[in-house]
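*Asks:* Take this sequence and fold it.
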Amino acid sequence: MIINSIKNKNIFIAIFSSLILLFITIDSAFAVPPMPFIYSGTVEVAGEAIVNSVMEIDTEVDEFGSPVNPTTYGELICVTYCLHAQVGNWVTASVPIKNGIFTALSVGPPDSTYNNLPIYFYIYDVPADQTEVFKAAFLPSVTFDYKLTFPKLPDPTPTPIPTMTPTPVIAQPSVYSGSLIISGASEPPANAVLVAKIGPYTSPPALIDSDSYKNLILNPSDIIFEGMKIEFYLNGYKSLTTDVFKNGSFNLAFPLLFTAIPEATATPVPATAIPVVIPTVTPTPVPPIIKTIIVTPTPLPPTSTPIPTNTPTPTPTITPIPPTPIVLVVTATPESNNPTPVPLDSGGCFSTNGDLSITTGAVNLFFLISPILFIICYRIYRKK
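*Replies:* Okay, the predicted model is just below:
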């Protein structure tokens with residue numbers, strides 16, 4: 001009995017020890033993170049209790065257009081005078097300060113390795129005068145009316161405000177039309193040119209029709225010309241009438257007054273010399289004289305043809321021939337007038353010989369019609 005009791009006791013101790021080791025292993029593998037410390041209270045900076053954070057909507061994106069902080073993108077976040085805490089190398093999220101009061105600063109490291117480490121409170125990189133020690137616990141710790149004091153903080157870096165470049169205001173064109181009044185003349189000189197000037201700007205010429213002008217357009221394209229004096233010039237002579245440039249104005253009955261303007265001096269045109277045309281004498285062609293030469297053939301003695309001897313052919317030497325300029329001489333060829341043929345005496349029956357006797361002509365005629373007579377006589381004979 002005693003031996004069995006000792007064996008059962010040893011078995012129980014072994015089982016109990018195994019269970020303890022098992023729980024320790026499970027606790028290490030599946031450790032629950034410690035509960036956070038939550039602080040709320042007031043903040044004083046250099047003895048001043050009124051401290052306010054600067055809040056902005058998180059719109060920060062990377063070069064690909066993705067949010068840098070997806071959890072806060074599009075939300076109101078604290079950017080200046082923000083309060084945060086740090087335990088070891090772990091940093092909490094920032095909370096804003098409004099009128100010297102902060103709420104729900106949660107200090108909850110991820111595991112128990114941060115147990116017994118100090119808690120530091122910061123605004124920027126300036127630590128508060130107060131510190132705490134983090135204690136891992138199974139229940140959260142909430143502290144109200146926690147007072148934090150800071151020395152003087154650095155001035156926040158002002159957010160650069162982009163300088164807006166003012167868009168230049170473009171002046172609208174002004175239009176002038178009206179009559180031209182010239183002292184001592186009913187209308188301006190021929191081909192007169194009318195322009196307007198505003199400081200360094202000169203307008204295009206206007207259209208002049210008899211004693212009036214139209215479509216004088218002033219378009220300096222800059223509002224700085226607004227209110228400047230307009231002067232009008234006709235052939236370089238300034239008008240007694242002036243005006244002030246008004247942006248986009250239409251002046252369709254604006255008379256211009258000028259003193260006497262001299263007529264433009266006509267430039268003398270030198271007389272054009274008329275060339276004297278010398279008639280070309282065409283030489284009368286002289287018909288060529290045709291001479292009839294009767295050549296009497298003379299019998300030639302037979303000529304013996306010598307047998308050629310083989311002679312060595314010399315090798316020609318190529319000598320460069322200098323280029324010779326070719327001169328073309330164009331000679332006028334007179335038109336040839338064909339001489340009128342002299343009619344010759346014709347013989348009988350279209351003969352080209354001379355005059356024939358009547359007897360010879362009758363004999364020739366008989367021989368011409370004898371075949372016809374033969375045919376007629378033959379047909380009469382057959383009918384009989």
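
*Asks:* if I pick the closest residue to Thr80 other than its chain neighbours, what's in contact with it?
*Replies:* Spatial nearest neighbour of Thr80, excluding adjacent residues (Cβ to Cβ, 6 or more residues apart in numbering): Val54 at 3.7 Å. C-betas here are computed from N, CA, C, even on glycine. For Val54, the contacting residues are 78-81, 156, by Cβ atoms under 8 Å, 6 or more residues apart in numbering.

*Asks:* now, among those residues, which is nearest to Val91?
*Replies:* Relative to Val91, the closest of the contacts of Val54 is Cys78; by Cβ to Cβ it sits at 13.9 Å.

*Asks:* what's the helix or strand for the closest one?
*Replies:* Secondary structure assignment for Cys78, by DSSP states H and E: strand 76-80.

*Asks:* Counting by contacts, list what the very next helix or strand once past that strand packs against.
*Replies:* Per DSSP H and E, the first helix or strand lying C-terminal to strand 76-80 is strand 83-87. Judged by 3 or more Cβ pairs under 8 Å, 6 or more residues apart in numbering; DSSP states H and E, strand 83-87 is in contact with strand 101-107, strand 118-123.

*Asks:* Would you check that Leu256 makes contact with Leu180?
*Replies:* Yes. With contacts counted by Cβ atoms under 8 Å, Leu256 reaches Leu180, the gap being 5.7 Å.

*Asks:* so what's in contact with these two at the same time?
*Replies:* Residues touching both Leu256 and Leu180 by Cβ under 8 Å, 6+ apart: 194, 213, 234.

*Asks:* any idea how far the last one lies from Thr202?
*Replies:* This points to Leu234. Here the criterion is Cβ to Cβ, to the nearest Å. By it, Leu234 lies 14 Å from Thr202.

*Asks:* So which of the two has more stuff around it?
*Replies:* Higher neighbour count among Leu234 and Thr202: Leu234, with 21 against 13, using other Cβ atoms under 10 Å.

*Asks:* how close does that one get to Asp62?
*Replies:* Using Cβ to Cβ, which is the criterion applied here, Leu234 is 68 Å from Asp62.

*Asks:* picking that back up, by pLDDT, rank the contacts of Val54 and give me the bottom one.
*Replies:* Within the set of the contacts of Val54, pLDDT is lowest for Pro156 (63).

*Asks:* All the strands of the stretch 101-250 of the chain, residue numbers only.
*Replies:* 101-107, 118-123, 126-133, 141-150, 174-182, 194-198, 201-202, 207-209, 212-218, 229-234, 237-244, 250-251 (DSSP state E, counting those that start in this stretch).

*Asks:* contacting residues around Tyr237?
*Replies:* By Cβ under 8 Å, 6+ apart, the contact set of Tyr237 is 258-259, 261.

*Asks:* Just send those residues back as JSON lines, with secondary structure too.
*Replies:* Below are the contacts of Tyr237 laid out as JSON lines (DSSP: H, G, I helix; E, B strand; the rest coil):
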{"residue": "Phe258", "secondary structure": "strand"}
{"residue": "Thr259", "secondary structure": "coil"}
{"residue": "Ile261", "secondary structure": "coil"}
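
*Asks:* May I see the PyMOL selection of the buried members of these?
*Replies:* A single PyMOL command selects the buried members of the contacts of Tyr237 (16 or more other Cβ atoms under 10 Å):
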select buried, resi 258+261
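
*Asks:* Can you tell me which of the contacts of Tyr237 is closest to Gly88?
*Replies:* Using Cβ to Cβ, these come closest to Gly88 at Phe258, 94.4 Å.

*Asks:* Spatially, what comes nearest to the closest one if we skip its sequence neighbours?
*Replies:* In this structure, Phe258 finds its nearest non-sequential neighbour in Ile182, 4.8 Å apart by Cβ to Cβ, 6+ apart.

*Asks:* residues in contact with that neighbour?
*Replies:* Shown in contact with Ile182 (Cβ under 8 Å, 6+ apart): 188, 211, 234, 258-261.

*Asks:* Would you check how far apart it and Tyr114 are?
*Replies:* Taking Cβ to Cβ, one finds Ile182 at 101 Å from Tyr114.

*Asks:* tell me the pLDDT at Pro331?
*Replies:* Wrong residue type there; residue 331 is Thr, not Pro. Confidence score, pLDDT, at Thr331: 50.

*Asks:* Fine by me, we can end here.
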